[in-house]
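S.K.: Requesting a structural model of the entry that follows:
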Amino acid sequence: MTTAFTKKQLIIIILCFISGKSFAQQNNRWQITTDGAISWNINNIPHDDHIEMSGKKISSVIRYGVAADSSFHVTRSLVWPMLRTIPNNTHASLTRRFAQDHLKLVTVNNKAIENEKVVSITLNGTLLVKSKVGKTLELTRQYFPTTTEASYCEIYTIKNISGKGYTVEIPKSNTIYNTNPINGTEGSYTIQSKVLNDGYFNLKPNDIISFSVLYFAGKSNELLPELNAENEKMKRLELVKELSNKLVLETPDTILNTEFAFAKLRAAESIFETKGGPMHGPGGEAYYAAIWANDEAEYIGPFFPFLGYDYGDKASLNAYLHFARFINKEYKPIPSSIVAEGTDIWDGAGDRGDAAMIAYGAARYALAKGSIDEAKQLWPLIEWCLEYCNLKLNTEGVVTSDSDELEGRFPAGKANLNTSSLYYDALNSAIYLGATLGKKEAQLTTYKTQAKNLKSAIEKYFGSTIDGYQTYKYYKENDVLRAWICTPLTMGIYNRKEGTIAALFSPKLWTQDGLASLSGDKTFWDRSTLYALRGVLAAGETEKAIDFLHYYSTRRLLGDHVPYPVEAYPEGNQRHLSAESGLYCRVFTEGLFGIRPTSLKGFDFTPRLPISWPEMGLRNIHAFGQDFDIVVKREKKKLKITISDKKKIWLDKVINEGDTIKVLFDK
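M.R.: Now for the predicted structure:
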C-alpha cells in the first residue's frame with residue numbers, strides 16, 4: 001500500500017463525503033523522506049503549527065510558521081518541570097515563552113538579513129528550517145531540547161552561495177533573568193539565554209558559518225553548564241536512532257510505519273528526572289513531574305515493556321509504586337494524580353474510576369514486563385484496586401464512580417461503561433498474573449466468578465440501542481452515541497461488536513479528526529479514537545479498521561498539524577500529549593498483531609493481516625523477558641506465523657485467519 005488511497009478507500013471516502021461527516025479530502029502538506037523524516041516543501045501559505053519535544057529536565061513547545069511572503073516566524077515555550085512554582089500544584093512548572101529570532105540580529109555586510117524565503121521544514125527529532133536569501137545566502141535553523149540537561153538548543157548556519165565574499169557579524173549575547181523569589185518553591189530561579197560562537201567573520205563563496213543559542217534555567221545564580229550544541233544534537237539524534245531500532249513496525253503501508261516510529265519517540269521522550277524518580281508526563285505546557293491514573297497507569301504503562309526502553313520501564317514501575325503508597329485499609333479512593341514530583345496529590349474530580357485504570361494498567365504492565373520481582377511488587381496494588389472496584393459495585397453489578405477520565409467535561413452518570421470495562425480486563429489479567437505468581441486457587445476462582453458476573457452485568461446495564469445501533473449507552477440515562485462505546489472491544493467483549501463498530505464509523509461519530517466525543521458535538525479526544533481502532537482490529541474487522549487507521553495516520557503525520565497523535569480539540573488546541581502516542585503504538589501491538597499478555601513468559605496471539613498485505617512484521621519486541629520478532633505472511637487463505645529471536649525460532653506455524661494461538665517462551 002502506498003500513500004495514495006486504494007480503490008476501496010476512495011469509495012469509502014466518497015460515500016462518507018456525501019454523508020458530510022466521516023472523511024474530508026486529504027491534501028497532504030508534508031511528505032515522508034527517504035530517511036524516515038517528514039518534510040514540508042513550502043506551499044499553501046500562510047500556515048502555522050506547533051510541536052512539543054522533551055528531555056529529562058526540560059520540555060519545549062515550538063510554535064512556528066511561514067507567512068504569506070514566505071518569511072519564517074517562531075516562538076518557543078520552555079518548561080522546566082523540576083523548578084517548581086507557587087502554588088506547587090499540577091501546573092507549577094517554571095515556564096517562559098521567548099519570541100526572539102536570532103538570525104534577525106545578525107548583520108551581513110553591515111545590514112540585517114532581508115527578503116528571506118523559507119524553502120523547507122523537516123521533522124525527525126529536531127525542527128530543521130531551510131531558507132534562502134535570493135542567490136546570495138542559504139540559512140538553516142535547528143531547534144531541539146537536550147536529552148539530559150535543563151537546556152534547550154538552537155543551531156543556526158549561514159552559507160554563502162554567491163560568487164563574492166561577505167562580512168558577517170554575530171552579536172554577543174548572554175541574557176540572564178532572575179525570577180521573583182516569592183513565586184518559586186526554592187526562591188528565585190535563574191534563566192539564561194546565551195549565544196555561542198559570536199563575533200566577526202569573513203564569509204567566502206561556499207563558506208559556512210554556524211552559531212548556536214542555548215537556553216537554561218536553574219536555581220538562584222546557577223548558570224549554564226559548559227555545553228556544545230552540536231554534541232547535544234548528536235545525543236538527541238542518537239536517542240531517535242535508538243528508539244527507531246526498537247519495536248520496529250514493518251508493513252506495506254509507509255505511512256503507518258513512519259507514524260509508528262514518530263509515536264515511539266513522543267511516547268518515550270517525555271519522562272522527567274524528578275526527585276520522586278523518573279516520571280512520565282503528558283506535557284502540553286501543563287502536565288509535568290506528575291502522573292495520572294489514566295495517562296501513565298492505563299495508557300502508556302502497558303506499552304513500555306514492548307518498546308524495550310529501560311527508562312520508560314522504570315518510569316512505569318515508579319508510577320505504579322507511587323500509586324501503591326495510597327492503598328488503605330478503609331478503601332478510600334486512590335488519588336487521580338500524584339503531582340509536584342511525588343510530593344502532593346490531585347483528586348479534584350473525585351473518584352474517576354482510577355482504581356480500575358490502575359489495576360488494568362499495572363496488571364498488563366507486569367505481565368508484559370516478564371519480571372517476577374516487579375510482578376510481586378505490583379501484586380498488592382492490583383489486588384487492592386480490584387477489591388476497591390468490587391466494593392463499588394451497585395445493585396445491578398457495575399462499578400460506580402464520581403466521574404470518568406474526562407472529569408465531568410461530558411456526563412458520565414453514577415456508573416460508566418469505561419470503568420466497568422477496565423475492571424473486567426483487570427480481573428482477567430489478575431487471573432493470569434496470579435496463576436504465574438502461584439496465588440491461591442480460591443482467590444483466582446473468585447476473580448473468575450467476578451469477571452463472569454461483571455461481563456453479564458455490563459451487557460444488561462449498558463447494552464442498548466442508540467440512534468438505531470445495537471451498541472451501548474455510556475451511562476444509565478445516556479441516549480446519544482458516545483465515543484467510549486468502543487471500550488468493551490479493547491477488553492475482549494464482543495457481544496455487540498457489529499452494532500458498535502457500525503456506530504463508531506458512522507457519520508454520527510466519525511469526523512475528519514476521528515471520533516467525536518459524543519454525537520453532534522465538535523469536541524474530539526484522540527484517546528477514544530485510538531481505543532476504537534485497537535478494539536475494532538481486536539474484534540476482527542480488519543479491513544474496515546485499516547482504512548480508517550490509514551486515514552487517521554495520514555492526517556496526523558502529513559496533514560496540517562503534525563507529526564504525533566494529539567490530546568483534544570478545542571481544549572488544548574490539539575496538544576501533543578505524550579501518552580496518546582503510546583496508545584497509537586498499542587493499536588498495532590494489541591490490535592493489528594493481537595498480543596494479549598497471559599503470563600510473564602507468554603501471550604495469546606491473534607494477528608490481523610489486511611487482505612491486501614502479503615506480510616507484516618514487528619521486530620525487536622522487548623516483552624516477556626525476551627527480544628523477539630514476529631512475522632506474519634499470507635499463505636493462500638491461511639497465515640504463516642514465525643516468532644524468533646537471534647538464536648531460536650520459537651514458533652513456525654500456519655494458522656487460519658482469526659485463530660488465536662498461545663505463545664510461551666519456555667526455557
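S.K.: did I read that right, residue 118 in a strand?
M.R.: Yes - under DSSP: H, G, I helix; E, B strand; the rest coil, residue 118 falls within a strand.
S.K.: does it really touch residue 43, like I thought?
M.R.: No - contact criterion Cβ atoms under 8 Å: residue 118 and residue 43 do not qualify, at 10.7 Å. The C-beta positions use only the backbone N, C-alpha and C, and glycine is treated the same way.
S.K.: so which helix or strand takes in residue 319?
M.R.: Using DSSP states H and E, the element containing residue 319 is helix 310-324.
S.K.: cool, residue 212 as well?
M.R.: Going by DSSP H and E, residue 212 is part of strand 208-219.
S.K.: The nearest residue to residue 427 once chain neighbours are set aside sits in which helix or strand?
M.R.: Leaving aside its sequence neighbours, residue 427 sits nearest to residue 451 (Cβ to Cβ, 6 or more residues apart in numbering; 4.1 Å). Using DSSP H and E, residue 451 sits within helix 441-462.
S.K.: Moving along the chain from that helix, name the first helix or strand you hit.
M.R.: strand 463-466.
S.K.: In its sheet, which strands sit next to the helix or strand just after that following strand, and in what direction?
M.R.: Tracing the chain past strand 463-466, the next element assigned as helix or strand by DSSP H and E is strand 469-472. Applying DSSP bridges, strand 469-472 is found paired with strand 463-466 (antiparallel).
S.K.: buried set for the strand it pairs with?
M.R.: Using 16 or more other Cβ atoms under 10 Å as the burial criterion, the residues of strand 463-466 that qualify are 463-464, 466.
S.K.: before we move on, the earlier item: helices and strands around the strand holding residue 212, which ones?
M.R.: strand 72-84, strand 93-98, strand 151-160, strand 166-170, strand 189-196, helix 229-244 (3 or more Cβ pairs under 8 Å, 6 or more residues apart in numbering; DSSP states H and E).
S.K.: what ranges do the helices span in the protein?
M.R.: Along the chain, the segments classed as helices by DSSP state H run 7-19, 229-244, 254-269, 304-307, 310-324, 354-369, 372-391, 417-437, 441-462, 487-490, 497-504, 526-538, 542-558, 578-586.
S.K.: Among these, which comes closest to residue 345?
M.R.: helix 310-324 (9.7 Å; Cβ to Cβ).
S.K.: who does the closest one touch, helix- and strand-wise?
M.R.: Packed on helix 310-324, when contacts are counted by 3+ Cβ pairs under 8 Å, 6+ apart, are helix 254-269, strand 271-274, strand 277-280, strand 291-292, helix 304-307, helix 354-369, helix 372-391.
S.K.: For that helix, which outside residues touch it?
M.R.: 267-268, 271, 276-280, 291, 293, 296-297, 300-301, 304-305, 334-335, 338, 342, 358, 361-362, 365, 369, 374, 377-378, 380-381 (Cβ atoms under 8 Å, 6 or more residues apart in numbering).
S.K.: thinking again about what came up before, summarise which helices and strands the helix holding residue 451 is packed against.
M.R.: Using 3+ Cβ pairs under 8 Å, 6+ apart: helix 441-462 touches helix 372-391, helix 417-437.
S.K.: For the residue lying farthest from the centre of the chain, list the residues it contacts.
M.R.: When distances are taken from the C-alpha mean of the chain, residue 164 lies farthest, 48.8 Å away, according to Cα atoms, centre = their mean. Applying Cβ under 8 Å, 6+ apart to residue 164 gives the contacts residue 205.
S.K.: Where does the prediction get shaky in the stretch 201-350 of the chain?
M.R.: In the prediction, the stretch 201-350 of the chain carries no residues with pLDDT under 70.
S.K.: got it, and the chain?
M.R.: In the chain, residues with pLDDT under 70: 1-26, 667.
S.K.: Which residue lies nearest the spatial centre of the protein?
M.R.: The chain has residue 581 as the residue nearest its centroid, 1.8 Å off, counting by Cα atoms, centre = their mean.
S.K.: you'd agree residue 552 is up against residue 533?
M.R.: Yes - contact criterion Cβ under 8 Å: residue 552 and residue 533 qualify, at 6.9 Å.
S.K.: out of the two, which sits in the busier spot?
M.R.: Per other Cβ atoms under 10 Å, whichever of residue 552 and residue 533 has more neighbours is residue 533, with 29 against 25.
S.K.: Surely residue 162 is in contact with residue 206?
M.R.: No - using Cβ under 8 Å, residue 162 makes no contact with residue 206, being 9.4 Å away.
S.K.: Between those two, tell me which one has more neighbours.
M.R.: Legend: neighbour count by other Cβ under 10 Å for residue 162 and residue 206, higher for residue 162 (15 against 10).
S.K.: give the contact list for that one.
M.R.: 135-137, 205.
S.K.: which non-adjacent residue is nearest residue 384?
M.R.: The nearest residue in space to residue 384 (Cβ to Cβ, 6+ apart) is residue 327, at 4.2 Å.
S.K.: Now for the one you found: which residues touch it?
M.R.: Neighbours of residue 327 in contact, by Cβ under 8 Å, 6+ apart: 334, 380-381, 384-385.
S.K.: what about it, distance to residue 490?
M.R.: According to Cβ to Cβ, to the nearest Å, residue 327 stands 26 Å off from residue 490.
S.K.: Ends of stretch 38-50, what's the gap?
M.R.: 15 Å (Cα to Cα, to the nearest Å).
S.K.: Give me the buried stretch members for that stretch, please.
M.R.: So, applying 16+ other Cβ under 10 Å, buried residues of stretch 38-50: 38-40, 42, 47, 49-50.
S.K.: what do you get for stretch 156-173?
M.R.: Counting neighbours by 16+ other Cβ under 10 Å, the buried set in stretch 156-173 is 156-160, 166, 168, 170.
S.K.: ok, now stretch 232-240?
M.R.: For stretch 232-240, by 16+ other Cβ under 10 Å, it's 232-233, 236, 239-240.
S.K.: can you redo those residues as a markdown table with distance to residue 310?
M.R.: Compiled in a markdown table, these are given as follows (distance: Cβ to Cβ, whole Å):
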| residue | distance to residue 310 |
| --- | --- |
| 232 | 21 |
| 233 | 23 |
| 236 | 18 |
| 239 | 12 |
| 240 | 16 |
